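Asker: just the structure for this:
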Amino acid sequence: MSEPQEAGYDVVILGAGSGGYACALRASQLGLRVALVDAAELGGTCLHRGCIPTKALLHAAEVADEARQAARVGVQTTFDGVDGPGLLAYQQSVVDRLYQGLQGLVAAAGVDWLPGRGHLVAADTVAVRGEQGTQLVRGRHVVIATGSQVRTLDGVALGARIVSSDQALRLERVPTRALVLGGGVIGVEFASIWSSLGAQVTIVEALDSLLPAEDPAISKGLVRALKKRGISVRTGARVASAHEDDDAAHLVLEDGTTLDGDLLLVAVGRGPVTADLGLAEAGVELDEAGFVRTDERLQTTAPGVYAVGDVVRGLQLAHRGFRHGIVVAERIAGLDPAPVAEENIPRVTYCDPQVASVGLTEPAAREQFGDEIDTVEQSLAGNGKSQILGTSGMVKMVRRRGGPIVGVHLLGARMGEQIGEAQMLVNWEAYPQDVAPLVHAHPTQNESLGEAALALAGTPLHSHN
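Answerer: Prediction:
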């Protein structure tokens, strides 16, 4: 093992995913000397095993649906099936282009890339074990950005037919019958993909709704839409065990029901990657689930050590990690950025129909403000572009009575693209009467946000009184 570098770094970052590399790039912009440490690829889970490859598959699924339904718009086409290797090649081509660009960005920024597994030996020193041995790297500040990993349940062991999302992304064949354990974002997205590509899909969720963090009106609307697509949804269904054999995967529920499928996807959430990093020895406290304890400024219990992204309890979203990384870099550089408000981070689930939201749900708003709130649900039935696309859904807005919009919740094909305006309405504390005069282009789905604001301001136009 080498001696610690005498000059050292201003920042040593463990983990090169969304939070880690964003922190590295911003710190470099601010004139800091940065080392970025990871044993895996630059870009982390999001780029290689999460957001990007999954959304590539979702786009392929959308193309399959368009081909299957083309006669609806007078175009003659057929859907002849899925070329598994071709699908994976397309997915990988998207990842490769982004990966190459990210490597160029990090190199151009002058960030030192140290491939290897990092381990804290002190609050300011990281041992990096790579192919050439172990070196000690010293930094005035250390950032923990090691991300998250798939987890499973007791009695549910991964195998050839019982798989995680990591394994599901590499499948060369679409299952004929797919079971999805977990009705959160990952489970719902894979259910949508496989259904579009021809599978019979059943979602099993222990809680009473899919996407339980979303507004109840949106969750209920999503369940109706998925059932209309032929996806079976079983909520309030707790799992006793699962096993596989050569022919199928078998999921046993607590009520004695057994469900069978060619494949069982376990999508019950992700846990933080914080074990065996030397955190406790360096004075970094973890909670009971292994997440790093931080204050609102993402400072850990060890002076000079910060944590960002999925290792910090909260929304496990790449863009949350991006913002965390930027905020920590600016704080280290002596700036005073505002803390990241968890409830004001936009969220999108890219199933069909899409779900997007920002701010407070109606129950959360009632918990905070009591009955002093107003809500409106604007159907997409009267939206021209939504009719062209053949989608249904809604915009739901929540405001504090006499005050600003505090939540926007969207359901419908491609509605995730409208989250940009929605997050501005919430984060800039817009009043409905201030939004109502804004001209929204026609025909766009964006008009539905304007219509909802009109209704919430008390001047509805395209709605029945």
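
Asker: OK, contacts around Ala413?
Answerer: The contact partners of Ala413, by C-beta atoms under 8 Å, 6 or more residues apart in numbering, come to 352-354, 386, 389-391, 393. To be clear about C-beta, it is placed using only N, CA and C from the backbone, and glycine gets the same treatment.

Asker: just the buried ones from these, in ChimeraX syntax?
Answerer: The ChimeraX selection below is limited to those of those classed as buried (16 or more other C-beta atoms under 10 Å):
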select :352,353,354,386,391,393
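
Asker: sort out for me which of the contacts of Ala413 are in strands.
Answerer: Gln354 (DSSP state E).

Asker: and the contacts of Ala413 as CSV, adding pLDDT and distance to Gln368?
Answerer: Putting these into CSV (pLDDT from 0 to 100; distance: C-beta to C-beta, whole Å) gives the following:
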residue, pLDDT, distance to Gln368
Asp352, 97, 32
Pro353, 97, 28
Gln354, 98, 27
Ser386, 96, 31
Leu389, 95, 35
Gly390, 94, 37
Thr391, 95, 32
Gly393, 97, 26
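
Asker: which one of the contacts of Ala413 is nearest to Tyr99?
Answerer: In terms of C-beta to C-beta, no member of the contacts of Ala413 lies closer to Tyr99 than Gln354, at 25.8 Å.

Asker: can you tell me the closest non-neighbouring residue to that closest one?
Answerer: Distance criterion C-beta to C-beta, 6 or more residues apart in numbering; nearest residue to Gln354, sequence neighbours excluded, is Gly416 at 4.4 Å.

Asker: SS state for that neighbour?
Answerer: Of the three states, Gly416 takes helix according to DSSP: H, G, I helix; E, B strand; the rest coil.

Asker: which helix or which strand is home to the residue lying closest to Gly278 once chain neighbours are set aside?
Answerer: Nearest residue to Gly278, sequence neighbours excluded (C-beta to C-beta, 6+ apart): Leu120, at 3.8 Å. In the assignment (DSSP states H and E), Leu120 maps to strand 117-122.

Asker: what angle separates the helix or strand following that strand from strand 117-122?
Answerer: Downstream of strand 117-122, the first helix or strand assigned by DSSP H and E is strand 125-130. Strand 125-130 runs at 160 degrees relative to strand 117-122, counting by axes from the mean of the first three to the mean of the last three C-alpha atoms, to 10 degrees.

Asker: can you tell me which of the contacts of Ala413 is closest to Leu286?
Answerer: For the contacts of Ala413, the nearest to Leu286 is Gln354 (34.7 Å; C-beta to C-beta).

Asker: before we move on, the earlier item: rebuild the contacts of Ala413 as TSV, extending it with distance to Glu205.
Answerer: Shown next, in TSV, are these (distance: C-beta to C-beta, whole Å):
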residue	distance to Glu205
Asp352	18
Pro353	18
Gln354	19
Ser386	27
Leu389	28
Gly390	27
Thr391	24
Gly393	21
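
Asker: for this structure, what's the longest helix?
Answerer: Longest helix in the chain by number of residues (criterion: DSSP state H): helix 84-108.

Asker: can I get the CA coordinates of whichever helix or strand comes after that one in CSV?
Answerer: Using DSSP H and E, the helix or strand that directly follows helix 84-108 along the chain is strand 112-115. Taking C-alpha atoms only, strand 112-115 is exported to CSV below (Å, rounded to 0.1, in the frame of the first residue of the first chain):
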residue,chain,number,x,y,z
ASP,A,112,-8.6,12.3,-11.9
TRP,A,113,-10.4,9.0,-12.6
LEU,A,114,-9.2,6.4,-10.1
PRO,A,115,-10.6,2.9,-11.0
